[in-house]
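*Asks:* need a 3D model of the following:
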Amino acid sequence: MPLHRVLLVVGILLDLLGSIWMLQGMNVLPGSFMTGQPFWAGAGAVAVVVGMVLVILAMKRKAEHG
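*Replies:* Numbering: from 1, shown residues only. Below is the predicted model of the structure:
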């Protein structure tokens, strides 16, 4: 599997997971031990940013290599 696809998949998964963590940490999405915990809102925000960076890197790598 090409590296750009791996980066893309990992980036998208981090974005999804981070969004869930953020929503749970902000008490928007209840139902787990993370609900209402500010730590998880922050961890989710970091995961989303890292995921976005990976998606951008994947798209740039794809554009450079055809």
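
*Asks:* flag the shaky bits of the protein, pLDDT-wise.
*Replies:* The chain contains residues with pLDDT under 70 at 66.

*Asks:* how about a cut-off of 90?
*Replies:* Across the chain, the ranges flagged by pLDDT under 90 are 1-2, 31, 62-66.

*Asks:* scan it for its longest helix.
*Replies:* helix 38-65 (DSSP state H).

*Asks:* list the buried residues in that one.
*Replies:* The neighbour-count check on helix 38-65 (16 or more other CB atoms under 10 Å) flags 40-41, 43-45, 47-48, 51, 54-55, 58 as buried. For glycine as for every other residue, the C-beta is placed from the backbone atoms N, C-alpha and C.

*Asks:* wait, which of those is closest to Asp15?
*Replies:* Gly51 (3.7 Å; CB to CB).

*Asks:* ok, that closest one - contacts?
*Replies:* 10-18 (CB atoms under 8 Å, 6 or more residues apart in numbering).

*Asks:* which residue is the nearest non-sequential neighbour of it?
*Replies:* Taking CB to CB, 6 or more residues apart in numbering as the measure, Gly51 lies nearest to Leu14, with 3.2 Å between them; neighbours along the chain are not counted.

*Asks:* surely the one you found meets Ala47?
*Replies:* Yes - between Leu14 and Ala47 there is a contact at 5.0 Å, judged by CB atoms under 8 Å.

*Asks:* so how far is stretch 24-42 off the chain centroid?
*Replies:* Stretch 24-42 sits 16 Å away from the centroid of its parent chain (CA atoms, centre = their mean, to the nearest Å).

*Asks:* how about stretch 24-32 as PDB, C-alpha atoms only?
*Replies:* Only the C-alpha atoms of stretch 24-32 are listed here, as PDB (Å, rounded to 0.1, in the frame of the first residue of the first chain):
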ATOM      1  CA  GLN A  24     -17.700  13.600  24.700                       C
ATOM      2  CA  GLY A  25     -15.300  15.900  26.600                       C
ATOM      3  CA  MET A  26     -17.600  18.800  26.000                       C
ATOM      4  CA  ASN A  27     -20.600  16.800  27.300                       C
ATOM      5  CA  VAL A  28     -22.300  17.000  23.900                       C
ATOM      6  CA  LEU A  29     -22.100  13.200  23.200                       C
ATOM      7  CA  PRO A  30     -22.800  11.400  26.500                       C
ATOM      8  CA  GLY A  31     -22.400   7.800  27.300                       C
ATOM      9  CA  SER A  32     -18.900   7.000  28.500                       C
END
